[in-house]
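Novice: sequence below, structure please.
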Amino acid sequence: MMAEDPQQDTHGRAVASRRRVLAAAAALAPALAVAQQAPARALSAAADHRHGDAVVRPVRTTLSDWTDVAKALGRGGDMKRNLMYHTGLPRHDLSVISKGVLIKPELALGSHVSFVRYADGSTMTMGDLVVTEQELQPFLDVLHQQGLAVTALHKHLLSHTPNVWWAHVHAHGHDPVAVARGLRAAFDRTGTPRPQRPAKSSHTLDTAAIDAALGVKGSYDDGIYKSLFIRRETIVEGGMVLPPGLGSTTAFNWQPLGAGRVAISGDLAMVAGEVQDVLAALRRARMELVELHNHGLRDEPRLFFTHFWAVGNAVTLARGLRAAVDATNVAPASVG
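Specialist: Next up is the predicted model:
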């Protein structure tokens, strides 16, 4: 038998090794091509952006700082507390009935998104978006394709037709215009309409008595009277300090029904130790509980939210709600 040539054997192993490398590269090529074609994604809500124990604080902006975002969204917005660029997208296209009440958009059908600039030059976006059940899955698919995180899916209303869902979204990165384009792509999969002129309510409420009962001055928005409270703590989400009221608001919306009666849709922000006292206080006030859930994924302190519903005399309901408010660490906030 002829002896093996060592040089020939080494050459054969080298050729085989090169073939394995080329085969692996060929297998990776489709994935690399997809990655190169995929749109830039926002940092997700799962990321923690702090450095050590440091947190990043929001900075003041003006409407002019958000011109490109407004163009990308296709809708104008306004400033809240000189820190949040806010855009409302009420679902005027929907005719939703809950418990026999025709729901006005600003009572419980108002999609909204807020953009906040931070000291490190990044921008955080948070929103609560209203979609029908038929729109929900395609809407969520687009959000994920655009790199926008979904942090909650829940209800604001009890038995209602048509069936409607609310989705909380979150994004953080250095390209707010890309986030706005992503949101626009998702909204375009729904019937969310262009803005309309605010409507005036044909009914009046004893707002002074409501304010006195709750201890906060409210205001009208598109025919709905609104009472707002904000958490007293500093709320941090993934290392970013949230402006007062962003993702941590207690809000009561009052829709006048005539003769002093209202439909109220409310949302209370709580820490864990407050939850049971608040739920019990709401039931004592004859509120119907709708949801207990979270809005964010990494908020500190961890916040819980309960949505509730009631129909009755506005002042009586306001007086009953005071005990629930007093069970939480909140302060009155102006609407605006």
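
Novice: surely residue 194 meets residue 88?
Specialist: No: counting by Cβ atoms under 8 Å, residue 194 stays clear of residue 88, with 12.0 Å between them. Heads up, the C-betas are built off the backbone N, CA and C, glycines and all.

Novice: who's more crowded, these two?
Specialist: Each of residue 194 and residue 88 has its neighbours counted (other Cβ atoms under 10 Å); residue 88 has more, 18 against 9.

Novice: ok, that one touching residue 109?
Specialist: No: counting by Cβ under 8 Å, residue 88 sits too far from residue 109 to count as a contact (10.8 Å).

Novice: kindly state the beta-bridge partners for residue 111.
Specialist: residue 89 (DSSP bridges).

Novice: so what's it up against?
Specialist: Taking Cβ atoms under 8 Å, 6 or more residues apart in numbering, we find residue 111 in contact with 88, 89, 90, 91, 127, 128, 129, 130, 187, 192.

Novice: and the residues you listed, which of them are in strands?
Specialist: 88, 89, 90, 127, 128, 129, 130 (DSSP state E).

Novice: of all those, which two lie farthest apart?
Specialist: Using Cβ to Cβ, the ones in strands among the contacts of residue 111 span at most 13.3 Å, a distance reached by 90 and 127.

Novice: could I get the full set of strands for the stretch 51-200 of the chain?
Specialist: Ranges of strands in the stretch 51-200 of the chain, per DSSP state E, counting those that start in this stretch, are 78-80, 84-90, 97-98, 101-102, 110-117, 123-132, 149-154, 160-161, 164-173.

Novice: separation between residue 70 and residue 120?
Specialist: 23 Å (Cβ to Cβ, to the nearest Å).

Novice: same thing with residue 312?
Specialist: In terms of Cβ to Cβ, residue 312 sits 48 Å off from residue 120.

Novice: who's more crowded, these two?
Specialist: residue 312 (17 against 13).

Novice: could you give me the buried positions within the strand or helix carrying residue 220?
Specialist: Applying DSSP states H and E as the criterion places residue 220 in strand 219-221. Buried residues in strand 219-221, counting neighbours by 16 or more other Cβ atoms under 10 Å, are found at 220, 221.

Novice: now it: average pLDDT?
Specialist: Strand 219-221 carries an average pLDDT of 91.

Novice: pairing partners for it, with directions?
Specialist: Strand 219-221 pairs in its sheet with strand 224-231 (antiparallel), by DSSP bridges.

Novice: give me the next element, helix or strand, following the strand it pairs with.
Specialist: Assigned by DSSP H and E, the successor of strand 224-231 is strand 236-237.

Novice: can you list the strands that that next one pairs with?
Specialist: Strand 236-237 pairs in its sheet with strand 240-241 (antiparallel), strand 299-300 (antiparallel), by DSSP bridges.

Novice: and the ones you listed as TSV, adding mean neighbour count and mean pLDDT?
Specialist: TSV is the format used below for those (neighbours: other Cβ atoms under 10 Å; pLDDT from 0 to 100):
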stretch	mean neighbour count	mean pLDDT
strand 240-241	21	96
strand 299-300	16	96
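
Novice: low-confidence ranges in the chain?
Specialist: The model of the chain has pLDDT under 70 over residues 1-53, 196-203, 334-336.
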